[in-house]
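**Q** Sequence and predicted model, in that order:
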Amino acid sequence: MALLDQWLERLRNARDELVANPRFQRWALKNPVTRPLARRGARAGLDLAAGFVYSQVLVACAQLKLFDVLRDGPLSLDALATELALSEPAARRLLEAAASLGLAERRGAKYGLGLLGAAFAGNRAALAIVEHQPLLYADLADPVALLRQEKRGRLADYWPYSDGVAPEALSAQQVGPYSAFMASTQPMVAQEALDAYDISRHRHLLDIGGGEGVFLAAAGARAPHLQLALFDLPAVAARAKERLEESGLLSRADIHGGDFLNDPLPEGADVATLIRIVHDHDDASALKLLRNVRKALAPGATLLIIEGMSGIKGAEPLDAYYGFYTLAMGRGAPRRVEEIEALLREAGFGKFRLLRNALPALASILAAKAV
Ligand SMILES: CC(C)=CCC/C(C)=C/CC/C(C)=C/C=C/C(C)=C/C=C/C=C(C)/C=C/C=C(C)/C=C/C=C(C)/C=C/CC(C)(C)O
Ligand SMILES: C[S@@+](CC[C@H](N)C(=O)[O-])C[C@H]1O[C@@H](n2cnc3c(N)ncnc32)[C@H](O)[C@@H]1O
């Protein structure tokens, strides 16, 4: 095995040396046998180099509500210019850029939704994420300064609990923007998790760091007998109460406000969830949180960790996205399943099961049992 590894390593080194040679690059593009592969490589490089611009075209489409405008059918350029409040040349520039990326489609003298445009038109949560991105991009204008900790990301202000502020003291104003953002993107995650895990086998769910209760409501809708509970910061718990009241679910739900690192968590649940929580924390506070969760659960109870996890096939770019997102936020990092399991084991969990789900790039679901 060691010999095989050595050979593989030599082969990889030889490949890297070859591909790094500009004469080889030119030869590979000219040679009809190697051309398709070389073109694919060049295209992948171009896409990476230009990716920020592609994203900004998407941001412009989202901010101008292009996908909503095209949802009722293709429109001419002058109609689009009016709808988007752009000059006709500017509308043409945007629509041509969008069409080149599959976000729109030329249909004779009109433009319609392209494949990707149609997918975004049908996905409010994805659009909410796109509209949130400018905050992240502002920080990423100088990625090296972030890596060297020469600059503090503005995202840290958006997620004030990540910045050493006493979390229980956060005001309604401070938690409002991030809570609304999480609530608008949660349906996509909830659907992914609840399709992969049959929550109806349980009797009592506690969603820890459950935000405005969107997951709780989705789980409650799938399992009408399920007793519901949520724990989040007091100012967020107040928002959850309001939302659940509006949807008529408050009578089924116990909503608790507090600090999940330092306050006791409510007991009695046979399933607890931590959704997009653990990757917000460094190892020491993640472990503190998991130990606190373990204390609230009886042996045999289930804990579901639901968030983007590294090293999963189909979710490879997640290390780039969450790696740099959490860098700008000033805390946390995406983890591999084995790393999460190690923390869980230390906190008193076992019997791990990584569930299959449709879109691991969005979130993976790791089930564990309190032992
Ligand atoms: C199969 C046929 C008939 C045709 C093929 C044509 C085709 C391509 C059809 C597509 C149909 C289809 C299934 C569309 C589905 C579209 C979907 C599901 C689109 C989903 C897009 C999701 C996106 C863009 C999600 C991005 C998520 C991001 C970037 C997550 C950000 C999360 C953040 C910022 C969280 C922060 C929390 C913190 C602080 C880190 O804890
Ligand atoms: C990234 S959001 C995820 C929200 C929700 N689980 C979702 O996926 O939509 C993190 C949540 O953890 C909560 N939170 C952060 N620190 C906390 C603490 N020390 N105690 C209680 N809740 C906390 C935040 O208020 C926020 O609702």
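**A** Looks like it came in fine. The shown structure was predicted, so the numbers you read here are calculated from the model rather than taken from an experiment. Ligands and ions are numbered 1, 2, ... in the order given.
**Q** Next to ligand 2, which bits of this protein? Give me the list.
**A** For the chain, the residues in contact with ligand 2 (Cβ under 6 Å from any ligand atom) are 161, 167, 175, 179, 182, 186, 189, 209-211, 232-233, 236, 259-261, 275-277, 280. In this view, the C-beta of every residue, glycine as well, is placed from N, C-alpha and C.
**Q** Filter the residues you listed down to the buried ones.
**A** Buried residues within the residues of the chain next to ligand 2, counting neighbours by 16 or more other Cβ atoms under 10 Å: 161, 167, 175, 179, 182, 186, 189, 209-211, 232-233, 236, 259-260, 275-277, 280.
**Q** how about stretch 236-252: buried residues?
**A** For stretch 236-252, a neighbour-count test (16+ other Cβ under 10 Å) marks 236-241, 243-244, 249-250, 252 as buried.
**Q** same thing with stretch 141-157?
**A** For stretch 141-157, burial by neighbour count (16+ other Cβ under 10 Å) applies to 146, 153, 155-156.
**Q** next one: stretch 162-182
**A** By 16+ other Cβ under 10 Å, the buried positions in stretch 162-182 come out as 162-163, 167, 170, 174-175, 178-179, 181-182.
**Q** Tell me which of those fall in helices.
**A** Among those, the residues falling in helices (DSSP state H) are 174-175, 178-179, 181-182.
**Q** got any ranges where the stretch 51-200 of the chain has weak pLDDT?
**A** Applying pLDDT under 70 to the stretch 51-200 of the chain picks out residues 164.
**Q** How about the residues of it by ligand 1?
**A** Proximity of the stretch 51-200 of the chain to ligand 1, by Cβ under 6 Å from any ligand atom, involves residues 115, 119, 123, 126, 129, 159.
**Q** make it 5 Å
**A** Contacts of the stretch 51-200 of the chain with ligand 1, taken as Cβ under 5 Å from any ligand atom, map to 115, 119, 123, 126, 129.
**Q** for the stretch 1-150 of the chain, what spans make up the strands?
**A** In the stretch 1-150 of the chain, the strands defined using DSSP state E, counting those that start in this stretch lie at 75-76, 105-107, 110-112.
**Q** My error: substitute the stretch 151-300 of the chain in the last question.
**A** Under DSSP E, counting those that start in this stretch, the stretch 151-300 of the chain gives strands at 204-208, 227-232, 253-257, 271-275.
**Q** Give me the sheet partners of the second one and which way each runs.
**A** Meaning strand 227-232. Strand 227-232 sits in its sheet next to strand 204-208 (parallel), strand 253-257 (parallel), going by DSSP bridges.
**Q** and these, which is most packed in?
**A** Neighbour counts (mean count of other Cβ atoms under 10 Å) averaged over each of the strands paired with strand 227-232 peak at strand 204-208, with a mean of 24.
**Q** residues making contact with it?
**A** Applying Cβ atoms under 8 Å, 6 or more residues apart in numbering, the external contacts of strand 204-208 come out as 199, 213, 215-216, 219, 226-232, 260, 265-266, 268-275, 277, 293, 296.
**Q** excluding its backbone neighbours, what's nearest A109?
**A** Among residues not flanking A109 along the chain, S76 sits closest, at 5.9 Å (Cβ to Cβ, 6 or more residues apart in numbering).
**Q** which residues touch the nearest residue to F349 once chain neighbours are set aside?
**A** Here the nearest residue to F349 in space, its sequence neighbours aside, is A368; by Cβ to Cβ, 6+ apart that works out to 4.0 Å. Neighbouring residues of A368 by Cβ under 8 Å, 6+ apart: 302-305, 341, 344, 349-353.
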